[in-house]
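**Student:** One predicted model, sequence on top.
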Amino acid sequence: MKAGELRELTDEELLQKERDAEKELFALRMQQAAAQIEKPSRIRELRREIARIRTLRAERRRRAS
């Protein structure tokens, strides 16, 4: 998901997306450890998505204070 699309979400939706991405990342890491991962590039995509979400949440916190 692109940053522009993420900016349109509410704080609660961003938090939920972050949690979902972290859960998926954990599952993919478990698959990778068992050498059963089909799409290893998805790990990199998820890490970047989580970083984007955390950056947006931090920006909003700074603006609010």
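**Tutor:** Yep, it's here.

**Student:** Let me see the contact set for Asp11.
**Tutor:** Taking C-beta atoms under 8 Å, 6 or more residues apart in numbering as the criterion, Asp11 is in contact with 57, 60. C-beta: built from backbone N, CA, C; applies to glycine.

**Student:** go again using 7 Å as the cut-off
**Tutor:** If you count contacts by C-beta atoms under 7 Å, 6 or more residues apart in numbering, Asp11 has them with Arg60.

**Student:** try Glu18
**Tutor:** Listed by C-beta under 7 Å, 6+ apart, the contact set of Glu18 reads 50, 53-54.

**Student:** cutoff 10 Å now
**Tutor:** Residues in contact with Glu18 (C-beta atoms under 10 Å, 6 or more residues apart in numbering) are 6, 49-50, 52-54, 56-57.

**Student:** hmm, which of those residues are the buried ones?
**Tutor:** Applying 16 or more other C-beta atoms under 10 Å to the contacts of Glu18, the neighbour count classes 6, 49-50, 52-53, 56 as buried.

**Student:** Would you convert those into CSV that also reports secondary structure and pLDDT?
**Tutor:** Below are those laid out as CSV (DSSP: H, G, I helix; E, B strand; the rest coil; pLDDT from 0 to 100):
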residue, secondary structure, pLDDT
Leu6, helix, 92
Glu49, helix, 97
Ile50, helix, 97
Arg52, helix, 96
Ile53, helix, 97
Leu56, helix, 95
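
**Student:** contacting residues around stretch 20-37?
**Tutor:** Outside stretch 20-37, the residues that touch it by C-beta under 10 Å, 6+ apart are 1, 38-40, 42-43, 45-53.

**Student:** Tell me the one among those nearest to Ser65.
**Tutor:** Lowest distance from Ser65 to those (C-beta to C-beta) belongs to Ile53, with 19.2 Å.

**Student:** Good, we can wrap up now.
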